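Asks: coords please:
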Amino acid sequence: MTSKEFTVEHRERLIQELIDFLKLKSVSADPNYSNEVKLTAEFVKKSIEKAGMQSVEICPTNGHPIVYAEHIIDETLPTVLVYGHYDVQPADPIELWESDPFEPVVKTTKLHPEGAIFARGACDDKGQVYMHVKAIEYMIANNCLPCNIKLMIEGEEEIGSSNLGIFVKENAERLKADVILVSDTSIIANDIPSITVGLRGLSYVEIEVTGPNRDLHSGVYGGAVANPINILAKMIASLQDEDNKITIPGFYDDVLEVSPEDRALMSKAPFDLGAYKKDLNIDDVSGEKGFSTNERTSIRPTLDVNGIWGGYIGKGAKTVLPSKAYAKISMRLVPNQNWEKITTLFKNHFESIAPKGVKVKVTPHHGGQGSLVETNFPAYQAASKAMEETYGKMPIPVRSGGSIPIIALFEEILGLKSVLFGFGLNSDLIHSPNEHYGLFNYFKGIETIPLFYKYYSESN
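Replies: Next up is the predicted model:
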């Protein structure tokens, strides 16, 4: 039986099992869901056991547990370590969902005529994790597993993976492998396969600006006392110039400039600017001068305000001059930029530009390094060959604008490169209301993953 035949024969069961997985509210950021997160880890463990792997366990951490599994058929054969996560983003705002985010439904859409599962975590990352579990089930059941497999499925990716880093350091020997396989990325389109070869890093900070020791009457004190919200807005505006270039001293010092030749290759990836603007309902795009939209979201660093608040935001009017103002800022970084260095540069700069009428506090949150994978890497070539076979065309290597900080940590601690073998679409609305995952993509992943193992084993 081929992997394609497996997905056809077991289609309804494979859909129902994923639906059962998606019903579990594994929201890692909210303590109210901690018990659901544990139940989800149990579900993952049982699913892996049913797939036939030899050794499966739930490993406790100081936060949410990690599910770890091994299936060693021959110590002399290559070993693939699969990484994924079972936790999901909060579903808020609930009112913008067309159906209950934790009651999965299958609906057809223009992009998904075969149907898509709508639920929180459908694409990010439960659907893509479950592809691997089912691909392993197929290989073990049909006696065609060509190498050793290890699985590490965590429950804290959406909140920074802080405990996974500790787990990896403490279990480096146990996690020995030849390559890491990750499906937490996307392809260009269902008829244009692609493999992500680059990820941006991340620095995330929170800012607190304090003015007077209490909220003040804006009529009595306005114009004489610094308004923290006004000051914060001016300070943030100063972080980028008229060309949308970031003004923090030293910010670009370590940026690896992409060669004109590589930029020309990147430009061959299909991109419809008109459709892009229409999808977002915007009149025009914006970003650093001298770069295309695709380049701005992949090979260039950015600085964005993710949230800003302070003062009175209730109904009606309240003429108040606030004591405090706050903002959350994320900086997407390109490979070779160190996120800790960038965080320090930001903190020092932001505090230095504060006027005397306010006090500024910058609190670093989480961050991570960017990463790059060369296309001559044997595991990449195996993934490319597998996709070419199932899609009928060679995948395009692309760089992603997103961040998976743990990828750089894997390389630092385990000395292993990762292949980012995702099957979702950018239109799947991950982190947003109405997240979904196409059945075509789900089954194509189950069909393609066993071929990666085949070709990768043959290359060693």
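
Asks: How is the chain partitioned into domains?
Replies: Domain segmentation of the chain under automatic domain parsing yields 3-199+370-458, 201-255+301-368.

Asks: Tell me which of those domains sits nearest to residue 281.
Replies: With distances scored as CB to CB, the stretch of the domains of the chain nearest to residue 281 is domain 3-199+370-458 (14.2 Å). Glycine gets a C-beta too; all of them are placed from N, C-alpha and C.

Asks: circling back: which stretch among the domains of the chain approaches residue 293 most closely?
Replies: Using CB to CB, the domains of the chain put domain 3-199+370-458 closest to residue 293, at 10.3 Å.

Asks: Let's have the domains of the chain in JSON lines, adding mean pLDDT and mean neighbour count.
Replies: Putting these into JSON lines (pLDDT from 0 to 100; neighbours: other CB atoms under 10 Å) gives the following:
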{"stretch": "domain 3-199+370-458", "mean pLDDT": "96", "mean neighbour count": "19"}
{"stretch": "domain 201-255+301-368", "mean pLDDT": "95", "mean neighbour count": "16"}
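
Asks: any chance of these in CSV, plus distance to residue 273?
Replies: Output for these, formatted as CSV (distance: least, CB to CB, whole Å):
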stretch, distance to residue 273
domain 3-199+370-458, 15
domain 201-255+301-368, 17
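
Asks: looking at those, which is closest to residue 283?
Replies: Counting by CB to CB, residue 283 lies closest to domain 201-255+301-368 out of those; the figure is 16.7 Å.

Asks: the strands in the stretch 351-460 of the chain, which residues?
Replies: 359-368, 371-372, 396-399, 418-420, 424-425, 436-438 (DSSP state E, counting those that start in this stretch).

Asks: Make TSV out of the ones you listed and add distance to residue 84.
Replies: As requested, these are exported to TSV (distance: least, CB to CB, whole Å):
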stretch	distance to residue 84
strand 359-368	17
strand 371-372	17
strand 396-399	20
strand 418-420	12
strand 424-425	12
strand 436-438	14
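
Asks: how about those strands, which one is nearest residue 82?
Replies: Distance to residue 82, taken as CB to CB, is lowest for strand 418-420 among the strands of the stretch 351-460 of the chain, at 10.3 Å.

Asks: How far off centre is that closest one?
Replies: Relative to its chain's centre, strand 418-420 lies at 13 Å (CA atoms, centre = their mean, to the nearest Å).

Asks: And for stretch 343-363?
Replies: For stretch 343-363, the distance to the chain centre is 29 Å (CA atoms, centre = their mean).

Asks: residues in contact with it?
Replies: Here stretch 343-363 makes contact (CB atoms under 8 Å, 6 or more residues apart in numbering) with 203, 205-211, 225-226, 228, 231, 235, 238-239, 248-251, 329, 331, 364, 367.

Asks: contacting residues for residue 297?
Replies: By CB under 8 Å, 6+ apart, the residues touching residue 297 are residue 401.

Asks: Return the list of helices and strands in contact with the lengthiest helix in the chain.
Replies: The longest helix of the chain (DSSP state H) is helix 439-458. Here helix 439-458 touches helix 3-9, helix 11-22, strand 116-118, helix 128-141, strand 179-182, helix 378-391, going by 3 or more CB pairs under 8 Å, 6 or more residues apart in numbering; DSSP states H and E.

Asks: Between those, which one is closest to residue 256.
Replies: With CB to CB, the closest approach to residue 256 among the helices and strands packed on helix 439-458 belongs to helix 378-391: 18.9 Å.

Asks: same for the closest one, what does it pack against?
Replies: strand 194-199, strand 418-420, helix 439-458.

Asks: quick revisit: would you turn the helices and strands packed on helix 439-458 into TSV with distance to residue 79?
Replies: Formatted as TSV, these follow (distance: least, CB to CB, whole Å):
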stretch	distance to residue 79
helix 3-9	21
helix 11-22	26
strand 116-118	31
helix 128-141	13
strand 179-182	8
helix 378-391	12
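
Asks: Distance of the closest residue to residue 64 other than its chain neighbours relative to residue 49?
Replies: Spatially, and ignoring its direct neighbours in sequence, residue 64 is nearest to residue 155 (3.4 Å; CB to CB, 6 or more residues apart in numbering). Distance, residue 155 to residue 49, by CB to CB, to the nearest Å: 18 Å.

Asks: before we move on, what about residue 188?
Replies: Residue 188 is 36 Å from residue 49, by CB to CB.

Asks: Please apply the same query to residue 119.
Replies: According to CB to CB, residue 119 and residue 49 sit 24 Å apart.

Asks: need the contact list for residue 243.
Replies: By CB under 8 Å, 6+ apart, the neighbours of residue 243 are 288, 289, 290.

Asks: Kindly apply the preceding question to residue 150 instead.
Replies: 68, 69, 70, 71, 79, 80, 81, 82, 175, 177.

Asks: which residues sit in contact with the second one?
Replies: Each residue near residue 69 by CB under 8 Å, 6+ apart is listed here: 48, 53, 55, 56, 57, 149, 150, 151.

Asks: Find the helix or strand that the first one is a member of.
Replies: Read that as residue 48. Using DSSP states H and E, residue 48 maps to helix 34-51.

Asks: Report the angle between the helix or strand following that helix and helix 34-51.
Replies: Next helix or strand after helix 34-51 toward the C-terminus (DSSP H and E): strand 55-59. Relative orientation of strand 55-59 versus helix 34-51 (axes from the mean of the first three to the mean of the last three CA atoms, to 10 degrees): 170 degrees.

Asks: Residues in contact with strand 55-59: which ones?
Replies: Here strand 55-59 makes contact (CB under 8 Å, 6+ apart) with 41-42, 45, 48-49, 65-71, 167.

Asks: Next up, phi/psi of residue 240, please.
Replies: phi -140, psi 140 (degrees, to the nearest 10).

Asks: list the contacts for it?
Replies: Counting by CB under 8 Å, 6+ apart, residue 240 has contacts 246, 247, 303.

Asks: I figured the second one hits residue 235, correct?
Replies: No. If you go by CB atoms under 8 Å, residue 247 and residue 235 don't touch, sitting 11.1 Å apart.
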